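Trainee: build me a model:
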Amino acid sequence: NCFKGGVFVQLCGWMGTAPLWTGAVSDTDYNKRAGYIKEQHQFARDDLVMVDGVRGYRAFLNIYDKGYRAKLVAHREGEQLVLQPDFAE
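Mentor: Predicted coordinates for the structure are as follows:
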């Protein structure tokens, strides 16, 4: 891998990018060190939602392409969800 960078879009339509990483770095290492998964987990803990009169935590849904490996890292940080194509490894 030569470059890695994050792109995000929120439900309100706000889009952004994370700093571009150069050099060889694994998907797992990028996801751990970039910090976005920790930030999402903290946001979800701070922004509890009310469902049937009960305040509760709702994990983020991360959408990745077929070759991206991040399921375990996302699950370990707040049991975040990952959506990938069926044919993904």
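Trainee: so where's this structure uncertain?
Mentor: Where the chain drops to pLDDT under 70, the residues are 1-2, 88-89.
Trainee: kindly recompute the last result at 80.
Mentor: 1-5, 9-12, 23, 67, 69, 86-89 (pLDDT under 80).
Trainee: residue ranges of the strands in it, please?
Mentor: Under the criterion DSSP state E, the chain contains strands at 3-4, 7-9, 15-17, 21-22, 49-51, 54-56, 61-63, 81-83.
Trainee: what's the closest of those strands to residue 36?
Mentor: strand 7-9 (7.5 Å; C-beta to C-beta). (Glycine included, C-beta is placed from N, CA and C.)
Trainee: parallel or antiparallel, which strands does the closest one pair with?
Mentor: Applying DSSP bridges to the sheet, strand 7-9 is found paired with strand 15-17 (antiparallel).
Trainee: ok, residues contacting the strand it pairs with?
Mentor: The set of residues external to strand 15-17 that reach it, using C-beta atoms under 8 Å, 6 or more residues apart in numbering, is 5-9.
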